[in-house]
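*Asks:* missing the sequence, but the structure's below:
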C-alpha cells in the first residue's frame with residue numbers, strides 16, 4: 001500500500017498468475033498511469049498557456065516487460081532478466097477546433113520534454129535505496 005500525506009491510500013496487488021488476488025491495480029499500472037497523467041497534465045497546461053481549447057485529450061501509456069525479471073530468474077546465458085519495462089509507449093490522442101495538426105504535434109512534443117515523470121524514465125534517473133530497520 002502507498003499513502004499520501006493528505007491521507008489518500010492506494011492498495012496494489014498482483015495478478016493471480018504471480019501470486020496475487022488480482023483485485024487491485026498493479027504497481028506497473030500505477031507507473032503507467034503516472035506517465036500518462038503527467039504528460040496529459042503538461043499538455044493541458046501548455047494548451048491553456050497558448051490559448052488552445054482542447055476538445056480531445058487522451059494519453060495512454062503501455063509497456064512491455066519480461067515477468068521472469070520480477071521473479072528474479074536468469075536468462076539462457078545465466079544473466080539476471082531485467083525486471084523493468086523493456087519498452088514504454090505513450091500514445092496521445094488530441095484535438096482542438098481550428099488548430100492545425102502540426103501545432104498540436106509540436107505542443108505534445110514540447111510538453112513531453114518538460115513532463116517530469118516521462119523525463120525521469122527517459123533519462124534513467126538513479127534511484128537511491130535507503131533501508132530503515134525497526135525493532136518490532
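*Replies:* Noted; the coordinates are in hand. Quick caveat, the model's predicted, so the values are computed rather than measured.
*Asks:* where along this protein do the helices fall?
*Replies:* Taking DSSP state H, the helices of the chain run over residues 27-49, 67-70, 101-113, 116-122.
*Asks:* Run a quick neighbour tally on residue 64.
*Replies:* Applying other C-beta atoms under 10 Å, we find 9 other residues in the vicinity of residue 64. C-beta here means a position set from N, CA and C on the backbone, and glycine is covered the same way.
*Asks:* er, residue 116 actually
*Replies:* So residue 116, with other C-beta under 10 Å, has 12 neighbours.
*Asks:* and the residue nearest to it when sequence neighbours are not counted, what is it in contact with?
*Replies:* Spatial nearest neighbour of residue 116, chain neighbours left out: residue 38 (6.1 Å); criterion: C-beta to C-beta, 6 or more residues apart in numbering. Contact analysis of residue 38 by C-beta atoms under 8 Å, 6 or more residues apart in numbering lists 115, 116, 117, 118.
*Asks:* surely the first one meets residue 39?
*Replies:* This points to residue 115. Yes - in terms of C-beta atoms under 8 Å, residue 115 counts as a neighbour of residue 39; the distance is 4.7 Å.
*Asks:* any idea how far residue 23 is from residue 4?
*Replies:* Relative to residue 4, residue 23 is positioned 21 Å away (C-beta to C-beta, to the nearest Å).
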